[in-house]
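1. have a look at this fold, sequence not included:
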């Protein structure tokens, strides 16, 4: 697994395997968010299969598939609410970790400065400076 820390509670990764879930539990994760649409992956990695394995490992599992078209306010809110409700660390995964990072950045744009969000993403290896205008727009709508 290529787990990348965005915050001390929110981590992202490229596609994980069912076998990884028990390792995540042992590393202190309490919840996994699947941001990968089933259309992108084989049936062995579909969300329901991963959810079953997560529950067997003692992890909460949230299905929140994201694409450019489906990264809507309600999906961003679900991502943030899942993190806020989790009792431990949360791992979100997609194809590369980028969508999971973008969801965190945009989901917190109304409460965190753009520089802090972009720096956290960059520390995780995701350079999202192109989102600065969108982050600032979201922040301006909440004032």
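-> Good, I have the coordinates. As the structure is a prediction and not an experimental result, all values here were calculated from the model. Numbers count the residues shown, from 1 in each chain.
2. tell me the phi and psi of residue 10?
-> Phi and psi for residue 10, reported as degrees, to the nearest 10, are phi -120, psi 120.
3. so it bridges to which residues?
-> Listed beta-bridge partners, residue 10: residue 90 (assigned using DSSP bridges).
4. just to check, it is in contact with residue 83?
-> Yes - with contact defined as CB atoms under 8 Å, residue 10 counts as touching residue 83 (5.5 Å). Bear in mind the C-beta positions are built from the backbone N, C-alpha and C, glycine included.
5. between those two, who's got more neighbours?
-> residue 10 (26 against 22; other CB atoms under 10 Å).
6. who are the contact partners of the more buried one?
-> 83, 89-90, 92, 104 (CB atoms under 8 Å, 6 or more residues apart in numbering).
7. what's the answer for residue 56, then?
-> By CB under 8 Å, 6+ apart, the contact set of residue 56 is residue 21.
8. so what's residue 132 closest to, chain neighbours aside?
-> The spatially closest residue to residue 132, leaving aside those adjacent along the chain, is residue 114, at 5.5 Å (CB to CB, 6 or more residues apart in numbering).
9. can you check residue 111 too?
-> residue 142 (7.7 Å).
10. quick one: that neighbour from residue 37, how far?
-> Between residue 142 and residue 37 the computed distance is 29 Å (CB to CB, to the nearest Å).
11. between those two, which one's more packed in?
-> Neighbours were counted for residue 142 and for residue 37 using other CB under 10 Å; residue 37 has more, 17 against 8.
12. this completes my enquiry, with thanks.
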